[in-house]
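A.B. asks: sequence and computational prediction follow.
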Amino acid sequence: MKITPQDVLLVIDVQNDFCPGGALAVADGDAVIPMIHSVAPRFQHIILTQDWHTPGHNSFASAHPGKKPFEQIELPYGPQTLWPDHCVQGTRGADCHPALQLTRAELILRKGFRREIDSYSAFFENDRTTQTGLAGYLRERDLTRVFLAGLAYDYCVGYSALDARRLGLPAVILRDACRAIDLNGSVAAIEQEFASASVELVNTADLSS
Ligand code: VGL
Ligand code: ZN
């Protein structure tokens, strides 16, 4: 698969809290870093995202007395999985992993900063209507196809890819540059959605420049 000047690499949430030792560690999460470094030089455009929650965020189990992490609740916008406190604005856990070296990244997009709404996707928050601004940014810069890598495959990477498709953008996930949480069959479920939405899955070795 050939990369073009209108392609962008979206590096999703490679933050300390999603890596081993972090508050919401994804198994082997830091293993995505060398994979991302191996493909980044081929892209003319790179965008990073950061999960960026307020203290006491509505997606934290700690904000809901009696609830535990990984349980589900109903919020006004629908079902919401509850997580351990993670990626709180300004904390070390919210920093990008220090091994991630992408000085050429053109934009760092933060999401999930409204206390009442979670945001897995880099495009739309979990109410499915509040926009992050990324769609407009890509449109104004004429970036027309997104490649995705990072954490977590079955949450923020996957939701971002599906939203890209909803916006009419081709979306390609670099599967070996992602790691999954895999909570209650979340990988199988989202892969079904990838198939119906035509999200493409490739490995980093399938890219040529
Ligand atoms: C994520 C759960 C909660 C992710 C973020 O980056 O995939 N998952 N917040
Ligand atoms: Zn989060």
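C.D. replies: That came through, no problem. Because the structure is a prediction, the values reported are computed rather than measured. Ligands and ions are numbered 1, 2, ... in the order given.
A.B. asks: I'd like to know which elements the strand or helix carrying Leu148 is packed against.
C.D. replies: Assigned by DSSP states H and E, Leu148 falls within strand 145-151. Judged by 3 or more CB pairs under 8 Å, 6 or more residues apart in numbering; DSSP states H and E, strand 145-151 is in contact with strand 7-12, helix 32-39, helix 158-166, strand 171-179. For every residue, glycine as well, the C-beta is placed using N, CA and C.
A.B. asks: of all these, which lies closest to Val187?
C.D. replies: Evaluated over the helices and strands packed on strand 145-151, closeness to Val187 peaks at helix 158-166, with 8.7 Å, by CB to CB.
A.B. asks: just the strands in this protein please.
C.D. replies: Using DSSP state E, the strands of the chain run over residues 7-12, 46-51, 72-75, 78-81, 107-111, 145-151, 171-179, 200-202.
A.B. asks: could you identify which of the helices and strands packed on strand 145-151 is most buried?
C.D. replies: Mean neighbour count (mean count of other CB atoms under 10 Å) peaks for strand 7-12 among the helices and strands packed on strand 145-151, with a mean of 27.
A.B. asks: what lies in contact with that strand?
C.D. replies: Here strand 7-12 makes contact (CB atoms under 8 Å, 6 or more residues apart in numbering) with 36, 39-40, 43-49, 100, 102, 105, 122, 138, 143-151, 156-157, 160.
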